[in-house]
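**Q** Structure for this input, please:
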Amino acid sequence: MRKLSWAMALAALCCTSPVVARGREPAPALRGQITFLYYKDLPAAARFYERLLGRAPDSTPDWVRLFPLTSTATIGLVNATGGALRPSGEKPVMVTMVVDGTGAIDRWYDRVRAQGIRIVEERKTTRIDARRSIHAFMFNDPEGYRIEILSWVRTPRG
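**A** Numbering: from 1, shown residues only. Predicted coordinates for the structure are as follows:
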């Protein structure tokens with residue numbers, strides 16, 4: 001108990017958690033991130049993302065489609081029986097794709113509309129805090145996952 005009290009006091013002084021204060025190292029660096037979404041109709045989902053992103057998925061087994069979004073972020077589409085989870089009616093997941101600037105938002109917005117995809121939240125700027133805001137819009141993919149295209153912008157003064 002004495003070590004724990006000392007670690008907690010040190011943590012309070014150093015503004016760090018007791019776990020770190022006890023000498024645990026930070027987690028090893030991550031190299032990337034994949035978000036897996038699960039589909040009843042994988043071919044339809046894959047066609048949607050091919051059109052949306054303007055590229056074919058990476059070569060994969062039949063039960064999954066991988067679409068790299070950046071050099072370190074990928075969206076994975078998985079069929080109803082091939083992955084670790086199963087599709088469900090409720091989609092409490094939002095995939096946010098970050099772009100640079102409101103001009104990029106406008107170009108993505110035009111692209112999505114030209115493909116006949118229904119916009120569920122129009123372009124708008126939302127204040128996050130005194131320095132940051134986001135400019136974004138949202139739509140759903142064929143099975144109801146919410147997709148957000150977002151750009152960080154400075155919060156207007158005033």
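**Q** ranges for the helices of the chain?
**A** Secondary structure of the chain (DSSP state H): helices at 2-14, 18-21, 42-53, 102-114.
**Q** Within its local environment, how many residues does F139 see?
**A** Number of residues near F139 (other C-beta atoms under 10 Å) recorded here: 19. (Each C-beta comes from the backbone N, C-alpha and C, glycine too.)
**Q** Oh, that last question was meant for D100, not what I typed.
**A** 9.
**Q** quick one: Y109 from P92, how far?
**A** 25 Å (C-beta to C-beta, to the nearest Å).
**Q** So for these two, which residue has more residues nearby?
**A** Taking neighbours as other C-beta under 10 Å, Y109 and P92 compare with Y109 leading, 18 against 7.
**Q** and the residue lying closest to E121 once chain neighbours are set aside, how many neighbours does it have?
**A** Leaving aside its sequence neighbours, E121 sits nearest to M138 (C-beta to C-beta, 6 or more residues apart in numbering; 3.9 Å). Neighbour count of M138, defined by other C-beta under 10 Å: 18.
**Q** ok, now which ones touch M138?
**A** By C-beta atoms under 8 Å, 6 or more residues apart in numbering, M138 lies in contact with 94, 119-121, 146-149.
**Q** again, 6 Å this time
**A** Contacts of M138 were listed using C-beta atoms under 6 Å, 6 or more residues apart in numbering, and they are 120-121, 146, 148.
**Q** Retrieve the pLDDT associated with it.
**A** Note on M138: pLDDT of 98.
**Q** Please name the bridge partners of it.
**A** Judged by DSSP bridges, the bridge partners of M138 are E121, E148.
**Q** Now stretch 99-114: buried residues?
**A** Within stretch 99-114, the residues that count as buried by 16 or more other C-beta atoms under 10 Å are 99, 105, 108-109, 112.
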